[in-house]
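S.K.: sequence plus predicted model, see below.
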Amino acid sequence: MTDPSAIREGGPLRIAFVIAAAALIIGGTVLVFEGSLTGTGFAITDIDPDVGRVYQVTFEQQGACAPPPLYTAPWSVILAAETEAEPSNATLSIPSSPITAGPTLVNSSIIVFSVPDGVYQYTISPEFGFSPSSGTVRVQGDDVTIMLYEEISCSLGAGSVTD
């Protein structure tokens, strides 16, 4: 059994604990490691630097009826249980109408989430305005972009949306 005074008085066990705690916060990255605690110290046997890392999942409108391309707003994405909308001041939930389409909405054509590795369900609103309108995205060690195609009737002009 380890002498408790070794921890209080700066013995090898306390020094090992301080080193291990410092390793956890290096570079703002959470490190998970395996090791063993003995009466003389802590031996690190494995470090996984990717634990706690997040990746971007980007939903990007492709733009319809080019040139110039038309973008739709307001719109939103639900990824897992989180909702993001563009423009950022849009009222949730996004109604099926009225929506606007035009080239000036390019600054509202991208929605980005930051998530760890995993498999996520997503839903786009308004449903009838985009393809795909829902699906599954797998995040596995890299950023992911999902291109969305607007279902806009170009023959009707800017601002027209087909059901």
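M.R.: Alright, I've got the coordinates.
S.K.: drop to CA atoms for contacts and neighbour counts, all remaining ones
M.R.: OK.
S.K.: what's the pLDDT at the residue nearest to Pro116 when sequence neighbours are not counted?
M.R.: The spatially closest residue to Pro116, leaving aside those adjacent along the chain, is Val54, at 4.2 Å (C-alpha to C-alpha, 6 or more residues apart in numbering). Listed pLDDT for Val54 reads 96.
S.K.: was I right about Val54 contacting Phe113?
M.R.: No. With contacts defined as C-alpha atoms under 8 Å, Val54 does not count as touching Phe113, sitting 9.4 Å away.
S.K.: what about the residue nearest to Pro116, distance to Ser133?
M.R.: If you measure Val54 against Ser133 using C-alpha to C-alpha, to the nearest Å, the figure is 24 Å.
S.K.: swap in Glu82?
M.R.: According to C-alpha to C-alpha, Glu82 and Ser133 sit 16 Å apart.
S.K.: looking at these two, which is more packed in?
M.R.: When neighbours are counted by other C-alpha atoms under 10 Å, Glu82 and Ser133 differ, and Ser133 comes out ahead with 17 against 9.
S.K.: residues contacting the more buried one?
M.R.: Residues near Ser133 by C-alpha atoms under 8 Å, 6 or more residues apart in numbering: 123-125, 127.
S.K.: highest neighbour count among those?
M.R.: Highest neighbour count within the contacts of Ser133: Ile124, with 23 neighbours (other C-alpha under 10 Å).
S.K.: what mean pLDDT does stretch 145-158 get?
M.R.: Confidence over stretch 145-158, taken as the mean pLDDT, stands at 74.
S.K.: next, the buried residues of it.
M.R.: Applying a neighbour-count criterion of 16 or more other C-alpha atoms under 10 Å, the buried positions in stretch 145-158 are 147-152, 158.
S.K.: circling back to that earlier point, let me have the contacts of Ser133 in a markdown table, adding secondary structure and distance to Ala90 as columns.
M.R.: Compiled in a markdown table, these are given as follows (DSSP: H, G, I helix; E, B strand; the rest coil; distance: C-alpha to C-alpha, whole Å):
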| residue | secondary structure | distance to Ala90 |
| --- | --- | --- |
| Thr123 | strand | 17 |
| Ile124 | strand | 14 |
| Ser125 | strand | 12 |
| Glu127 | helix | 16 |
